[in-house]
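Enquirer: okay, structure incoming, though there's no sequence with it:
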DNA sequence: AAACCCCAGTAACAAAGGGCACAAACTTAA
DNA sequence: TTAAGTTTGTGCCCTTTGTTACTGGGGTTT
């Protein structure tokens, strides 16, 4: 754990802070596809992402989902932090996109370090900023772009995050993330296949060039 | 200025901080409808809102707008802070919705106070959290709701923010905020009028009960 | 092999929303 | 008062997206 922590966070964190993290943080390895945080849940510790990727989802009353953004190495979930600080329930769901290793840090420590370590303060701030910007991007996508473009962006991002140009998802799963229906996704994917941008297979999509 | 500052922020800020704000902050009064911050602009000071309301907008490449949320008394614009801290250009446009008084604080001070005053740190954090939550709300609205509902919510919020059930806007202006066309807004408003929820006039809308 | 399930393709139709055109009502300026 | 500009109402049609229903392919289970 020490090496990974150092590798990922040494630019941000001072040595004593790293030591404290090593002391109180719990290292967890989570396989792909697990829900590590759910809507309505109370949060007692926040995750620092050492490797892998996590997708962050929003859900409405009817249970319809929407992908907000991905968290990648070195990042943390500010929305979760916000919930911690405000002592409120989680507003989002977080699901591992790939196999993931993360360090869980208890909330109390997070507040303590805020006064104690400049590096931690900066890191937390930077996280907030990144999340705000990601959310603005998300708003742009759903407000200004049509589904064709959103799907292409989604596929691109997926290839990047998983580092694999074979996207191993069903059309239905993609439809959930983009908050639309399976039929619509099938249609659009077929269109992209005709444009030679990808090849469709059962249970996976081979991305050629988007 | 002193009284307003105290009235609005005394719960957050310790006395020495208030003194510093009084010293370095510039009090500005802005009439309704002015753009106080625009996309692409560099930001050198951040606003603390003493009275009035500010609407925060996002714009895409083609110049299409979308209302993100309103800022009200005691709030500040975290997206602006994020830009300050990251030394990047503004991602948003801010327009006064009503006549507004605000205190502008130079960025350097903001960073200095961060280490110096717990009250300031908490305030800044809380702002970030509020903005994140507002943005999540915005995402919910545009992703999960249809235009009828979004329009009703918009009108409600407008009545609340301006404290006036006569909404003095043209259909075109509303259309810009919701990122749609004038014709569509006119249609939906007419529908709401038939439902006795409001009365339409030239240049203003009399809200009865939404 | 037969029965079954999951996934994808497709057609037909429905609904939401956007665009265009034009008319009517009202306001302002000449 | 006339002309010009602004705001709103409305009909018609188009595009995008969503819904339903059915098909067949491929794999799995029994």
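Expert: Cool, the structure landed. A quick note: this is a predicted structure, and the numbers were derived from the prediction, not measured. Numbering: from 1, shown residues only, chains lettered A, B, ... in the order given.

Enquirer: near chain B, which residues of chain A?
Expert: Counting by CB under 8 Å from any CB of the partner chain, chain A comes close to chain B at A:58, A:60, A:64, A:66, A:68, A:78-79, A:82, A:85-86, A:91-92, A:114-115, A:118, A:121, A:125-126, A:128-129, A:131-133, A:135-136, A:138-140, A:142-144, A:179. Every C-beta, even on glycine, is put in place using the N, C-alpha and C of the backbone.

Enquirer: list buried residues within these.
Expert: A:58, A:66, A:68, A:78-79, A:82, A:85, A:91-92, A:114, A:121, A:125-126, A:128-129, A:131-133, A:135-136, A:138-140, A:142-144, A:179 (16 or more other CB atoms under 10 Å in any protein chain shown).

Enquirer: related to what we said a few turns ago, which members of the residues of chain A next to chain B occur in strands, if any?
Expert: A:58, A:66, A:68 (DSSP state E).

Enquirer: wait, which of those residues is closest to DNA strand D?
Expert: Taking CB to the nearest atom of the strand as the measure, DNA strand D lies nearest residue A:66 of these, at 10.8 Å.

Enquirer: list the contacts of the closest one.
Expert: Counting by CB atoms under 8 Å, 6 or more residues apart in numbering or on different chains, residue A:66 makes contact with A:57, A:58, A:59, A:142, A:177, A:178, A:179, B:139, B:143, B:144.

Enquirer: apply 7 Å and report the result again.
Expert: Shown in contact with residue A:66 (CB atoms under 7 Å, 6 or more residues apart in numbering or on different chains): A:57, A:58, A:179, B:143.

Enquirer: and residue A:173, that one's in a helix?
Expert: Yes: under DSSP: H, G, I helix; E, B strand; the rest coil, residue A:173 sits within a helix.

Enquirer: relative to DNA strand C, which of the contacts of residue A:66 is nearest.
Expert: For the contacts of residue A:66, the nearest to DNA strand C is residue B:143 (11.6 Å; CB to the nearest atom of the strand).

Enquirer: surely the closest one and residue A:179 touch.
Expert: Yes: at 5.8 Å, residue B:143 and residue A:179 qualify as touching, with contact defined as CB atoms under 7 Å.

Enquirer: what about the residue in chain A positioned nearest to DNA strand C, neighbour count?
Expert: Proximity of chain A to DNA strand C (CB to the nearest atom of the strand) peaks at residue A:170, 3.3 Å away. Using other CB atoms under 10 Å in any protein chain shown, residue A:170 has 15 neighbouring residues.

Enquirer: same check on residue A:149?
Expert: Neighbours around residue A:149, by other CB under 10 Å: 11.

Enquirer: and residue A:158, by the same measure?
Expert: Neighbours of residue A:158 using other CB under 10 Å come to 23.

Enquirer: quickly find the element holding it.
Expert: helix A:147-162 (DSSP states H and E).

Enquirer: which other helices and strands does the following helix or strand past that helix contact?
Expert: Using DSSP H and E, the helix or strand that follows helix A:147-162 in sequence is strand A:166-167. Where contact means 3 or more CB pairs under 7 Å, 6 or more residues apart in numbering or on different chains; DSSP states H and E, strand A:166-167 is packed against helix A:147-162, strand A:204-207.

Enquirer: so which of the ones you listed gets nearest residue B:184?
Expert: The closest of these to residue B:184 is helix A:147-162. By CB to CB, the value is 19.2 Å.

Enquirer: still on that earlier bit, how far does the helix holding residue A:158 sit from its chain's centre?
Expert: Remark: helix A:147-162 is offset 14 Å from the chain centroid, using CA atoms, centre = their mean, to the nearest Å.

Enquirer: list the buried residues in it.
Expert: A:147, A:150, A:151, A:152, A:154, A:155, A:158, A:159, A:161, A:162.

Enquirer: please list which of the residues you listed also come close to DNA strand D.
Expert: When the buried residues of helix A:147-162 are checked against DNA strand D using CB under 7 Å from any atom of the strand, the ones in range are residue A:147.

Enquirer: tell me the one of the buried residues of helix A:147-162 nearest residue A:189?
Expert: residue A:151 (7.5 Å).

Enquirer: residues contacting that closest one?
Expert: Residue A:151 neighbours (CB under 7 Å, 6+ apart): A:178, A:185, A:188.

Enquirer: okay, those in CSV with distance to residue A:30 next?
Expert: What follows is the contacts of residue A:151, written out as CSV (distance: CB to CB, whole Å):
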residue, distance to residue A:30
A:178, 24
A:185, 27
A:188, 31
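
Enquirer: what about these, which are in helices?
Expert: Counting by DSSP state H, these place A:178, A:185, A:188 in helices.

Enquirer: quick one: which of these is most hemmed in?
Expert: For the ones in helices among the contacts of residue A:151, neighbours tallied by other CB under 10 Å; top is residue A:185, 23 neighbours.

Enquirer: isn't that one right up against residue A:174?
Expert: Yes: with contact defined as CB under 7 Å, residue A:185 reaches residue A:174; the gap is 5.1 Å.

Enquirer: residues in contact with stretch A:79-99: which ones?
Expert: Contacts of stretch A:79-99 (CB under 7 Å, 6+ apart): A:30-43, A:46, A:52-59, A:68, A:70, A:77, A:107, A:110, A:124, A:131, A:161-162, B:125, B:129, B:132-133, B:136.

Enquirer: and if you look at stretch A:167-186?
Expert: Residues external to stretch A:167-186 that are found in contact with it (CB under 7 Å, 6+ apart): A:64-67, A:147, A:150-151, A:154-155, A:158-159, A:189, A:203-205, A:207, B:143.

Enquirer: go again using 10 Å as the cut-off
Expert: A:32, A:55, A:57-60, A:64-68, A:141-142, A:147, A:150-151, A:153-155, A:158-159, A:162, A:187-190, A:198, A:200-207, B:143-144 (CB atoms under 10 Å, 6 or more residues apart in numbering or on different chains).

Enquirer: so how far is that stretch off the chain centroid?
Expert: Computed by CA atoms, centre = their mean, the chain-centroid distance of stretch A:167-186 equals 18 Å.

Enquirer: same deal with stretch A:30-44?
Expert: For stretch A:30-44, the distance to the chain centre is 12 Å (CA atoms, centre = their mean).

Enquirer: start and end of that stretch, how far apart?
Expert: End-to-end distance for stretch A:30-44, by CA to CA, to the nearest Å: 18 Å.

Enquirer: and it, what's buried?
Expert: Residues of stretch A:30-44 classed as buried: A:30, A:36, A:37, A:43 (neighbour count, 16+ other CB under 10 Å).

Enquirer: what of stretch A:74-90?
Expert: Going by neighbour count (16+ other CB under 10 Å), the buried part of stretch A:74-90 is A:74-85, A:90.
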